[in-house]
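S.K.: pasting the sequence and the predicted model now:
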Amino acid sequence: MTAEYQVHGDVAVIALNNPPVNGLGLSTRQAIVEGLEKAENDPAVKAIVLTGAGKAFSGGADIREFGSPKAIQEPNLLSVITRVENTSKPVIAAVHSVCMGGGLELALGAHYRIAAPGCNVALPEVKLGLIPGAGGTQRLPRVLGVEAALNMIISGEPVKSEMLAQLPGQKLFDKLSASAESLAEEAAAFAREMAAKHADGSAFPLVRNLPCKHKDGDAYFQFARNMVKGMAKNFPAPAKCVDAVEAATKKKFADGMAFEREIFINLMWTPECKSLRHLFTAERAASKIPDVPEDTPKRAIESVAVIGAGTMGGGISMNFLNAGIPVKMLEMKQDALDRGIGVIRKNYEAQVKKGKLKQDKYEQRMSLLSTTLSYDEIGSADLVIEAVFEEIGVKEAVFKELDRVMKPGAILASNTSTLDVNKIANFTKRPQDVVGMHFFSPANVMKLLEVVRGEATAKDVLATVMAVSKKIKKTAVVSGVCDGFIGNRMIEQYGRQGGFLLDEGCTPQQVDKAMEKFGMAMGPFRMGDLAGNDIGWAIRKRRYEEKPDMKYSKTADLLCEKGRFGQKVGKGWYDYVEGKRDAIPNAEVEQMIADHRKALGITPRKISDEEIVQRLVFSLVNEAAHILEEGIANKASDIDVVYIFGYGFPVYRGGPLNYANEVGLFNVVQAMKRFQKNPLDDAKFWEPAPLLTRLAAEGKTF
């Protein structure tokens, strides 16, 4: 059973037991109802305590049942809450650790609530593109007041139980226990007290019967709508949260519940909600590797060495310092080390200034950082990550040194973004200990980590790196070895299409605007300026030798020949003013593109935003299909995770492959066949990948 029933004297205790977070799956819901029946039918029982075993009261719906018939099968959560309310003996919810979503809605159905301090309380449904669907929008305003409740529902962020208990006039918690340890005992005593109080047959208090009003209702809700519109324009759920809470203040309770339910069901089918739910499961699935079992033993990582104190090395070091892991940074020259430490200090000081980091925490992090100019001083580290110049000869020199000095069993990682990890591993006598850890820039901010698995990489090395990435709050995705791994291999095709669009008649800002309207954090040309156009130039020069038949627009090379490398030099596809991020169109660049067209004899044509979006996004999709077929990525959802957390793909579209599923793979293939007929594009590239053709023909999705 996923809920346990025990009787202690005259108090029955129903403890949810469905690890990890006591999700309210069908069997748990059934067990709660059975427990209530037993308690009611036992004359010795005077009161009932509803609590959670293990590390949570309840985290809400069981995500494993999402979208399955079990999720709505009776008793559904609404029915369970009604059953709790109608119980003939007092029901006391004893909440601790985690009380979120449906877990909080369940607690709101109890007659009384006692909370342990430190309990995280939230209604996080908005993060999945939904609103609470089992009375959260109707009951929470009744116990916390309209404004506090609406803030919690719209943000979805957890608030500590002791903070909520201090709100004036709150009726969410009748009591706070002295500690988490004493909760069970205090809840039983409180339950006996309430049984005695109602021994005369008086009615139990129900949240649904409490009044719900706001003194400046219409004005307040209008203000809330305006705020939400500005903050969440591409997400329908936050505005619907406002509608539902407003209904709590204006409608009878039963009508408000029906209204909430209708909104919940309609949101369930929106593309945004489907995308957010897809991402939620994709992010959790990314850490699962088919042939590396969950219980693979892991190596202890208690200290880290980082080779290189530049932008990447410093950013990588900060991740470990933030997690309380000591870091030793190695450079060849003292002034490079001093510069690197200066940047780390400046980053932390900015956080202290903004109030995001306490002074003592900042000092504690800096105390974990040490530096050296000698390889001989890093040998005892458990993990070493090189972040040196992206050139195979430089990597070779570094890895030969690491092979010489590192202790046996140390993990040797490369932060390469395109180079061959197998080649790098073979510079050592221990290829099984070598792995790619490709951080994205800025490494202390970006959530994505591509973990590159070489042919020889040991399973325990992979398992360890995946565990470490969780510790440093990264979302890690495993990639096989190929040029550019998952993300950069795909972005190259995206960049190539951007170039062809310039040749055919677009300006950089037209392409960027179309992609930003689609939802990308920035278009391809602004992204090039941010990353540095010289990086792409170096890759193309390599391509011209290795793949002479691969077609590119020459515009980006012409730009680099003018020294327009991007933001770092104040000029790229756009001009930049010191201290500002604004991209200012440049007439000289537009003239350069026009002259190039003329030289090729191309008459520019008007290109629609729709064509721009399709060519850029579907180029990602086609390359991704090849990556899946070659086994470079384990699953389609991993590629979506890479694109959302590493490349600014819009969250509400769920990643390129999820978007392709939404558009319909048949339609994607048809578009590719259209692009194949364009003489100025690369017809060979637009040949749909065999996997894509097959899925489209079978009416399937990725």
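M.R.: Perfect, thanks for sending it. Numbers count the residues shown, from 1 in each chain.

S.K.: tell me which helix or strand the residue sitting furthest away from the middle of the chain sits in.
M.R.: Ranked by distance from the centre of the chain (C-alpha atoms, centre = their mean), the top residue is Asp200, with 52.7 Å. Assigned by DSSP states H and E, Asp200 falls within no helix or strand.

S.K.: now it: phi and psi?
M.R.: When quoted as degrees, to the nearest 10, the phi and psi of Asp200 stand at phi -80, psi 0.

S.K.: and it, how far from Glu4?
M.R.: Using C-beta to C-beta, to the nearest Å, we find Asp200 at a distance of 32 Å from Glu4. Bear in mind the C-beta positions are built from the backbone N, C-alpha and C, glycine included.

S.K.: kindly report the same for Gly409.
M.R.: Note on Gly409: its distance to Glu4, by C-beta to C-beta, is 43 Å.

S.K.: name the nearest residue to Asn586, sequence neighbours excluded.
M.R.: Leaving aside its chain neighbours, Asn586 sits nearest to Asp575 (5.0 Å; criterion: C-beta to C-beta, 6 or more residues apart in numbering).

S.K.: for Ser370, same thing?
M.R.: In space, and not counting its chain neighbours, Ser370 is closest to Lys328: 4.9 Å by C-beta to C-beta, 6+ apart.

S.K.: next SSE downstream of the one helix or strand Ile341 maps to?
M.R.: Per DSSP H and E: Ile341 is located in helix 334-353. Past helix 334-353, further along toward the C-terminus, the next helix or strand under DSSP H and E is helix 359-367.

S.K.: next helix or strand past that following helix?
M.R.: Heading C-terminal from helix 359-367, the first helix or strand you meet, by DSSP H and E, is strand 369-372.

S.K.: what sits up against that next one?
M.R.: 309, 317, 321, 326-331, 337, 340-341, 344, 378 (C-beta atoms under 8 Å, 6 or more residues apart in numbering).

S.K.: how is this protein carved up into domains?
M.R.: In terms of domains, the chain is parsed into 3-268, 304-479, 487-697 (source: automatic domain parsing).

S.K.: closest one to Leu279 among the ones you listed?
M.R.: Between Leu279 and the domains of the chain, the shortest separation by C-beta to C-beta is 5.5 Å, and it involves domain 487-697.

S.K.: and that closest one, how far out from the chain's middle?
M.R.: Mean C-alpha position of domain 487-697 versus that of the full chain (C-alpha atoms, centre = their mean, to the nearest Å) differs by 24 Å.

S.K.: before we move on, the earlier item: can you pull the buried residues of the helix holding Ile341?
M.R.: Under the neighbour-count criterion of 16 or more other C-beta atoms under 10 Å, helix 334-353 has Ala336, Leu337, Gly340, Ile341, Val343, Ile344, Asn347, Tyr348 buried.

S.K.: now the residues you listed as TSV including distance to Asp529 and pLDDT?
M.R.: Listed next are these as TSV, based on distance: C-beta to C-beta, whole Å; pLDDT from 0 to 100:
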residue	distance to Asp529	pLDDT
Ala336	26	94
Leu337	29	95
Gly340	24	94
Ile341	28	95
Val343	21	93
Ile344	25	95
Asn347	22	93
Tyr348	27	95
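
S.K.: and those as TSV, adding distance to Asp216?
M.R.: Supplementary listing: those in TSV, determined by distance: C-beta to C-beta, whole Å:
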residue	distance to Asp216
Ala336	59
Leu337	59
Gly340	54
Ile341	53
Val343	48
Ile344	48
Asn347	43
Tyr348	42
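
S.K.: start and end of stretch 297-310, how far apart?
M.R.: 33 Å (C-alpha to C-alpha, to the nearest Å).

S.K.: just stretch 647-660 next, same as before
M.R.: This stretch, stretch 647-660, spans 17 Å end to end (C-alpha to C-alpha).

S.K.: quick one: average confidence on that stretch?
M.R.: Taken as a whole, stretch 647-660 has a mean pLDDT of 95.

S.K.: what comes into contact with it?
M.R.: Contacts to stretch 647-660, defined as C-beta under 8 Å, 6+ apart, come from residues 129, 234-235, 271-272, 274-276, 278-279, 282, 487, 490-491, 518-522, 527, 617-618, 620-621, 624, 636-637, 639-641, 643-644, 662, 668, 702.

S.K.: please redo it, this time with the cut-off set to 6 Å
M.R.: Identification of contacts with stretch 647-660 by C-beta atoms under 6 Å, 6 or more residues apart in numbering yields 234-235, 272, 275, 278-279, 519-521, 620-621, 624, 636, 639-640, 643-644, 668, 702.

S.K.: out of the residues you listed, which are buried?
M.R.: By neighbour count, with 16+ other C-beta under 10 Å, the contacts of stretch 647-660 hold 235, 272, 275, 278-279, 520, 620-621, 624, 636, 639-640, 643-644, 668, 702 as buried.

S.K.: Arg694: which of these is nearest?
M.R.: When the buried ones among the contacts of stretch 647-660 are compared for distance to Arg694 (C-beta to C-beta), Phe702 comes out closest, at 11.2 Å.

S.K.: and that closest one, how close does it get to Asn667?
M.R.: Spatial separation of Phe702 from Asn667 under the definition C-beta to C-beta is 14 Å.

S.K.: swap in Glu390?
M.R.: According to C-beta to C-beta, Glu390 and Asn667 sit 38 Å apart.

S.K.: in the stretch 101-250 of the chain, which spans are helices?
M.R.: For the stretch 101-250 of the chain, applying DSSP state H, counting those that start in this stretch gives helices covering 102-109, 136-144, 146-155, 161-165, 183-197, 217-231, 237-250.

S.K.: now the fifth one: average pLDDT?
M.R.: With pLDDT averaged residue by residue, helix 183-197 scores 96.

S.K.: what about it, distance to the chain center?
M.R.: Using C-alpha atoms, centre = their mean, we find the averaged C-alpha position of helix 183-197 to lie 41 Å away from the chain's own average C-alpha position.

S.K.: one more: the first one?
M.R.: Here helix 102-109 shows a centroid-to-chain-centroid distance of 26 Å under the convention C-alpha atoms, centre = their mean.

S.K.: list of residues touching it?
M.R.: Among residues not part of helix 102-109, those counted as contacts by C-beta under 6 Å, 6+ apart are 24, 57-61, 77, 81, 84-85, 93, 95, 99, 113, 123, 134-136, 139, 207.

S.K.: what does the fifth one give?
M.R.: Helix 183-197 is touched from outside by 11, 46-47, 49, 90, 92, 94, 96, 112, 114, 116, 175, 177, with contacts defined as C-beta under 6 Å, 6+ apart.
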